[in-house]
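Colleague: Could you work out the structure for the sequence below:
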Amino acid sequence: MLPKEVDNKFQKYVIGFRKQKKYLLSHIKNMDETPVTFDMIGSKTIDMKGTKKIPIKTTGHEKSHFTVVLSCLADDTKLKPTVIFKRKTVTKSNFPKDGTAGDYLFVEESNSDGENDTDFDDVPEDITEDEYAELFMLSNSESS
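Modeller: Below is the predicted model of the structure:
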């Protein structure tokens with residue numbers, strides 16, 4: 001945890017910067033992402049008293065996970081959660097033309113050099129390279 005004076009100094013700087021640049025509170029966003037496992041095994045079991053072994057059924061995907069992104073704006077607006085699934089290829093499905101393409105995110109596997117191999121031939125036809133760059137928010141190099 002930071003010392004109180006550092007926290008106050010940073011907060012004053014951000015407020016001053018926002019006022020200087022005339023940013024609206026609705027233009028300031030905060031987001032946090034958290035991994036969620038597909039197979040959440042409970043910590044309690046129920047069986048007959050005296051039972052020595054209790055089988056626990058799982059899907060076998062205890063280590064597989066997806067990412068949930070929670071976001072809000074500085075004006076107290078809470079945004080819809082975004083769910084990110086790890087994929088090795090870009091989906092071929094069509095994206096909506098009504099401006100809701102922001103609900104879609106791509107995640108690509110990194111090659112051995114840590115570089116993402118983006119082949120724009122695989123991007124759906126109705127998404128431009130600029131839109132793709134905006135949609136590409138998370139690199140597999142950050143996740144395990």
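
Colleague: list the buried ones in stretch 56-74?
Modeller: Of all the residues in stretch 56-74, those buried under the rule 16 or more other CB atoms under 10 Å are 65, 67, 69. Backbone N, C-alpha and C define where each C-beta goes, glycine included.

Colleague: residues contacting residue 61?
Modeller: Listed by CB atoms under 8 Å, 6 or more residues apart in numbering, the contact set of residue 61 reads 37-39.

Colleague: What does the pLDDT read for it?
Modeller: Note for residue 61: predicted pLDDT of 71.

Colleague: Can you flag which of the buried residues of stretch 56-74 belong to strands?
Modeller: The strands, defined by DSSP state E, take in 65, 67, 69 from the buried residues of stretch 56-74.

Colleague: Excluding sequence neighbours, find me the nearest residue to the last one.
Modeller: Nearest residue to residue 69 in three dimensions, chain neighbours excluded: residue 82, at 4.2 Å (CB to CB, 6 or more residues apart in numbering).

Colleague: So for the one you found, what's the pLDDT?
Modeller: The pLDDT attached to residue 82 in the predicted structure is 86.

Colleague: Was I right to think it contacts residue 68?
Modeller: Yes. With contact taken as CB atoms under 8 Å, residue 82 and residue 68 are classed as touching, separated by 7.3 Å.

Colleague: just to revisit the earlier point, and the buried residues of stretch 56-74 as a markdown table, adding pLDDT?
Modeller: A markdown table is the format used below for these (pLDDT from 0 to 100):
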| residue | pLDDT |
| --- | --- |
| 65 | 82 |
| 67 | 88 |
| 69 | 90 |
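
Colleague: Before I go, just wanted to say thanks for your time.
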